[in-house]
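J.: next comes the sequence, and after it the predicted model I'd like to discuss.
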Amino acid sequence: MGVPQGAPKPDNLGVVLPNIARIRDYWLDGDHHDDTDREMAQRIELCGPHVPYLVRAQRALVRRQVGFLVEQGVTQFLDLGSGLPTGDYVHQVATAADPASRVVYVDIDPSIEADSLELIAGAENTAFVVADCRDVRGVLDHPDVSAVLDSSRPFAVLMTELLLHVPDGEDPDGLVSSYVDVLPEGSYLALSHFGEDAQVLSGFQIFEGLRFGQFPAVSLRSRERVESFFTGLDLVEPGVVPVPLWRPEPGDEVVRNPSEVRMYTGLARVGRRADTA
Ligand SMILES: C[S@@+](CC[C@H](N)C(=O)[O-])C[C@H]1O[C@@H](n2cnc3c(N)ncnc32)[C@H](O)[C@@H]1O
């Protein structure tokens, strides 16, 4: 583990809290976590030994999806619920494929802002914005978003484990539609979501139950439910599948039963909407 880079932040009682983005950084071999995050990560691993694999698989998925999108000519990315842009993440992958790529990361968590800005320092056409992505207009009209993304051209909205934090009572379908409805034709939506995995749920419950962090209740969803977020959109092959089965590449980490991995993803193209046809 490296020296914590500005995080973690003590709460108003002076207690240092573990943080989900920094815990993920630990599992991704990053250096933006501290002992508190590592200890929490290890507790979660006791419940769900495969959770670090899921996080790595998700990160590999983002690389494949971003690579695919650049091949389709999409070089603008709005990553909602980005967490820390640590490791080989969207801006590195996209600009390696096309140096003109433009990336905005959005996360609700102000405690990861300093680290995130450090991680993207020096990257051109890349921004990190602290915002609640449920405020769709607030995100799209944010000056740092409009300074980087040209919203008149197609862009990709990435929701990698974001809807996990949006319970059905908060209308996650409406949230997805609110973004899709304003995307120019030829844009894309990429979404991935933990499925109903008892060990993943136990891991989250430990995080929440110990009351170390403010952590919203999580919603795990079935493959069919994840598919329903794409209703009316043109899903790219192979459709909504377990993450390791989405356009796997030769260097990917191998797992014994990829079809049993309860973490689902899909990527869809936004076509001409009925009202503009
Ligand atoms: C499970 S992490 C996923 C991080 C990242 N997408 C990845 O794949 O590594 C979910 C992230 O969503 C953020 N988040 C949760 N609710 C949010 C909201 N309403 N608006 C913006 N970000 C949110 C959390 O702070 C957290 O960093």
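T.: Yes, it's here.

J.: and the stretch 101-250 of the chain, which residues reach the ligand?
T.: 106-109, 132-134, 160-162, 164-165 (C-beta under 6 Å from any ligand atom). Where you see a C-beta, it was placed from the backbone N, CA and C, and this is true even at glycine.

J.: select the longest helix from the chain.
T.: Identified as the longest helix of the chain according to DSSP state H is helix 51-71.

J.: off-centre distance for that one?
T.: 10 Å (C-alpha atoms, centre = their mean, to the nearest Å).

J.: any part of it near the ligand?
T.: Yes: contact of helix 51-71 with the ligand (C-beta under 6 Å from any ligand atom) involves Gln58.

J.: next SSE after that helix?
T.: With elements assigned by DSSP states H and E, the helix or strand that comes after helix 51-71 is strand 76-80.

J.: off-centre distance for that next one?
T.: Centre-to-centre, strand 76-80 and its host chain are 10 Å apart (C-alpha atoms, centre = their mean).

J.: the inter-axis angle of that strand versus helix 51-71?
T.: Orientation of strand 76-80 against helix 51-71 (axes from the mean of the first three to the mean of the last three C-alpha atoms, to 10 degrees) gives an angle of 150 degrees.

J.: CA atoms only for the longest helix of the chain - export them in PDB, please.
T.: The C-alpha trace of helix 51-71 is given here as PDB (Å, rounded to 0.1, in the frame of the first residue of the first chain):
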ATOM      1  CA  VAL A  51     -15.600  -9.600  -4.500                       C
ATOM      2  CA  PRO A  52     -12.000  -8.400  -5.400                       C
ATOM      3  CA  TYR A  53     -12.300 -10.500  -8.600                       C
ATOM      4  CA  LEU A  54     -15.600  -8.800  -9.400                       C
ATOM      5  CA  VAL A  55     -14.100  -5.400  -9.000                       C
ATOM      6  CA  ARG A  56     -11.200  -6.300 -11.200                       C
ATOM      7  CA  ALA A  57     -13.500  -7.900 -13.800                       C
ATOM      8  CA  GLN A  58     -15.600  -4.700 -13.800                       C
ATOM      9  CA  ARG A  59     -12.500  -2.600 -14.400                       C
ATOM     10  CA  ALA A  60     -11.500  -4.900 -17.300                       C
ATOM     11  CA  LEU A  61     -15.000  -4.600 -18.600                       C
ATOM     12  CA  VAL A  62     -14.800  -0.800 -18.600                       C
ATOM     13  CA  ARG A  63     -11.500  -1.000 -20.600                       C
ATOM     14  CA  ARG A  64     -13.200  -3.300 -23.200                       C
ATOM     15  CA  GLN A  65     -16.300  -1.100 -23.500                       C
ATOM     16  CA  VAL A  66     -14.300   2.100 -23.800                       C
ATOM     17  CA  GLY A  67     -12.100   0.500 -26.500                       C
ATOM     18  CA  PHE A  68     -15.200  -0.700 -28.300                       C
ATOM     19  CA  LEU A  69     -16.800   2.700 -28.200                       C
ATOM     20  CA  VAL A  70     -13.700   4.400 -29.500                       C
ATOM     21  CA  GLU A  71     -13.700   1.900 -32.400                       C
END
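
J.: before we move on, back to that, which among the residues of the stretch 101-250 of the chain next to the ligand count as buried?
T.: Neighbour-count burial (16 or more other C-beta atoms under 10 Å) is assigned, among those, to 106-109, 133-134, 160-162, 164-165.

J.: from the contact counts, what lies against the longest helix of the chain?
T.: helix 20-27, helix 35-47, helix 90-97, strand 156-160, strand 188-194, helix 198-209, strand 263-269 (3 or more C-beta pairs under 8 Å, 6 or more residues apart in numbering; DSSP states H and E).

J.: in a markdown table, list these along with distance to Arg247 and mean pLDDT.
T.: As requested, the helices and strands packed on helix 51-71 are arranged in a markdown table below (distance: least, C-beta to C-beta, whole Å; pLDDT from 0 to 100):
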| stretch | distance to Arg247 | mean pLDDT |
| --- | --- | --- |
| helix 20-27 | 22 | 91 |
| helix 35-47 | 28 | 91 |
| helix 90-97 | 14 | 97 |
| strand 156-160 | 15 | 98 |
| strand 188-194 | 12 | 97 |
| helix 198-209 | 23 | 79 |
| strand 263-269 | 9 | 98 |
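
J.: for Arg223, which of these is the nearest?
T.: Closest to Arg223 of those is strand 263-269 (C-beta to C-beta; 4.8 Å).
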